[in-house]
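> For reference, the sequence and a predicted model appear below.
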Amino acid sequence: SNPSLLILAGDGIGPEVMGEVVKIIDWYGEKRDLKFDVSHDLVGGAAYDAHGTPLTDETMARAQDADAVLLGAVGGPKYDVLDFSVKPERGLLRLRKEMDLFSNLRPAQCFDALADFSSLKKDVVAGLDIMIVRELTSGVYFGEPRGIFTEGNERVGINTQRYTESEIARVARSAFELARKRGNKVCSMEKANVMESGILWREVVTEIHAKEYADVELSHMYADAGAMQLCRWPKQFDVIVTDNLFGDLLSDAAAMLTGSLGMLPSASLGAPMANGRPKALYEPVHGSAPDIAGQGKANPIACILSFAMALRYSFDEGEEATRLESAIEKVLADGVRTADLLGPEGGSPVSTSEMGDKIVEALNAS
Ligand code: NAI
Ligand code: MG
């Protein structure tokens, strides 16, 4: 049977950009005989409106069973007044937590046609293609003890950076596996100079590398130096693996090397399922963009690139993923732009669905 895809389009521009992904999925089924069993369900505000909860148990179970989940975006002003326990984001958090998605993949890719968009010099970013792997379920955001306590006559705020060996090992493996599908190079970032968790991080990554991934090139860098190198000459990297906190900062910084929020995909991966595929959720980095929702202005590329990641990392269709990315590159090189990709000089933007159609046309010509 065909691999299964669960689509959770969500709120705001989520359904609009996902509509364009469905065109691409249909194209693969018709023209490349790459077929998926696609099903749709609700998440976020849309699920709240229908069921009074941002993610039903039934939807959660379907997500656990799917070969990959594609998510649009959740949230919107309409839901800001809701109680914390039923806010749209809780649906997304529940998916990440119950699927145990410990490895967050944030690529920073620069399409040549958009290199002028970067705040960096064009030759620093043109053709850039790096991947930041951020540990997502442990570290200082979760470690105990945490809280605000009283010590003597003042308050003290405490968080604890805590990593077990197995938590480090599993995210390291996920980075090495990715590297083998890309440029075969991993740079691990921590602060082993000043942190115990950093010392252990470096040791465990080094051990896993020696035992299981000696064919991959491994280097280590202190995370602060890594931040500098990322801005100075990002093309030196292929895969960067780092902890939750450093990954949060480094991936946001790396994202901005390349320009618009409308261009950024992501993946969150967990442990392998019985069929060998990792538990996986793919989603654009952007939110539901209520300011442009319902106007046909949203850029669907972030969501389409998230599907390209699914092709590469869930379905081992790296060549087809590259085909899709090249089609997007071609459309951008032809000057096709949604409104978010127009500079201050302006120009005439295409709509969400026109962008999707152009990408399908480019696929037809590929
Ligand atoms: P946002 O990412 O939705 O929008 C920020 C700005 O970028 C807006 O001006 C928007 O129009 C623009 N933008 C975003 N995606 C775009 C696209 N594909 N094409 C063109 N322009 C795009 O972030 P914001 O405004 O902070 O949050 C809006 C809502 O989305 C909130 O309810 C927030 O909680 C939710 N949100 C959801 C996320 C998710 O589902 N993973 C992530 C971030 C925010
Ligand atoms: Mg962040």
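Cool, got the structure. Here the structure is a predicted model, which means the values were calculated and not measured. Ligands and ions are numbered 1, 2, ... in the order given.
> how near is the residue nearest the centre of the chain to residue 357?
Within the chain, one residue has its C-alpha closest to the average C-alpha position: by C-alpha atoms, centre = their mean, that is residue 266, at 1.2 Å. Separation of residue 266 from residue 357 (C-beta to C-beta, to the nearest Å): 25 Å. From N, CA and C alone the C-beta is placed, and that goes for glycine too.
> Please identify the helix or strand for the residue nearest to residue 192 when sequence neighbours are not counted.
By the measure of C-beta to C-beta, 6 or more residues apart in numbering, the closest residue to residue 192 outside its immediate chain neighbours is residue 198, 4.0 Å from it. Using DSSP states H and E, residue 198 sits in helix 196-212.
> moving C-terminal of that helix, what's the next helix or strand?
strand 217-222.
> surely residue 35 meets residue 29?
Yes. Between residue 35 and residue 29 there is a contact under C-beta atoms under 8 Å: 4.5 Å.
> Can you tell me the number of residues neighbouring the residue nearest to residue 192?
Residues near residue 198, counting by other C-beta atoms under 10 Å, number 22.
> Identify the residues contacting the closest residue to residue 282 other than its chain neighbours.
If you skip the residues right next to it in sequence, residue 282 has residue 306 as its closest partner in space, 4.2 Å away by C-beta to C-beta, 6+ apart. When contacts are counted by C-beta atoms under 8 Å, 6 or more residues apart in numbering, residue 306 is found next to 21, 70, 265, 266, 267, 282, 283, 284.
> which of the residues you listed are close to ligand 1?
The subset of the contacts of residue 306 within reach of ligand 1, by C-beta under 6 Å from any ligand atom, is residue 283.
> Tell me which of the contacts of residue 306 fall in strands.
Judged by DSSP state E, these include 70, 265, 266, 267, 282, 283, 284 as members of strands.
> Need these in a markdown table (columns: distance to residue 301 and pLDDT).
Conversion of the ones in strands among the contacts of residue 306 to a markdown table gives the following (distance: C-beta to C-beta, whole Å; pLDDT from 0 to 100):
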| residue | distance to residue 301 | pLDDT |
| --- | --- | --- |
| 70 | 14 | 98 |
| 265 | 8 | 96 |
| 266 | 13 | 96 |
| 267 | 16 | 97 |
| 282 | 14 | 98 |
| 283 | 13 | 97 |
| 284 | 9 | 96 |
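> Neighbour-wise, which one of those leads?
Among the ones in strands among the contacts of residue 306, residue 284 has more neighbours than the rest - 29 neighbours, counting by other C-beta under 10 Å.
> okay but that one is in contact with residue 267, surely?
No. Residue 284 lies out of contact with residue 267 (C-beta under 8 Å); the separation is 10.8 Å.
> Having no further points to raise, I will conclude here.
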